[in-house]
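> sequence-free structure coming up:
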């Protein structure tokens with residue numbers, strides 16, 4: 001799994017039939033402090049994450065399983081969790097309601 005931040009949505013009304021009409025979100029991968037990778041990616045989101053939220057992503061065959069898809073479905077990145085908090089033994093890097 002990887003951490004990412006939702007930075008927007010992708011609307012594509014014309015799609016491969018196997019993809020279905022699940023919500024698509026635009027994400028940037030992040031580290032535990034929220035520092036963003038410059039590259040962006042598109043992920044299937046069945047959980048309803050909003051812009052600015054931190055999410056957990058899975059890729060490859062795990063993404064297809066998370067999306068409830070079969071091996072023929074063109075999904076390679078899926079949101080599997082919306083992050084509430086990121087901590088270690090001695091430090092809190094992120095809390096959903098803004099407390100750290």
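Okay, I see it. Because the structure is a prediction, the values reported are computed rather than measured.
> for the chain, what are the low-confidence residue spans?
Under the criterion pLDDT under 70, the flagged ranges of the chain are 69-71, 99-100.
> How about the residue nearest the centre of the chain: what's its closest non-neighbour residue?
Centroid-nearest residue in the chain, with Cα atoms, centre = their mean: residue 79, separated by 3.8 Å. Nearest residue to residue 79, sequence neighbours excluded (Cβ to Cβ, 6 or more residues apart in numbering): residue 45, at 4.2 Å. Placement of C-beta: from N, CA and C, glycine included.
> any chance you could read off phi and psi for that neighbour?
When read as degrees, to the nearest 10, the backbone of residue 45 gives phi -130, psi 100.
> Break down this structure into its helices, ranges please.
61-66 (DSSP state H).
> Please identify the residue most distant from the middle of it.
Using Cα atoms, centre = their mean, the residue of the chain lying farthest from its centre is residue 90. It sits 26.4 Å away.
> in the protein, which spans are strands?
2-10, 23-30, 36-45, 54-59, 77-82, 85-87, 92-95 (DSSP state E).
> Mind putting these into a markdown table with distance to residue 68?
Converted to a markdown table, the strands of the chain look like this (distance: least, Cβ to Cβ, whole Å):
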| stretch | distance to residue 68 |
| --- | --- |
| strand 2-10 | 19 |
| strand 23-30 | 13 |
| strand 36-45 | 10 |
| strand 54-59 | 13 |
| strand 77-82 | 9 |
| strand 85-87 | 27 |
| strand 92-95 | 28 |
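> who touches residue 55 in this structure?
Counting by Cβ atoms under 8 Å, 6 or more residues apart in numbering, residue 55 touches 3-6, 25, 27, 43, 45, 47, 49, 79, 81-83.
> switch to 10 Å and redo it
Taking Cβ atoms under 10 Å, 6 or more residues apart in numbering, we find residue 55 in contact with 1-6, 25, 27, 30, 43, 45, 47, 49, 78-83.
> Could you identify the buried members of those?
3-6, 25, 27, 30, 43, 45, 47, 49, 78-80, 82-83 (16 or more other Cβ atoms under 10 Å).
> Can you tell me which of those comes closest to residue 59?
residue 78 (8.0 Å; Cβ to Cβ).
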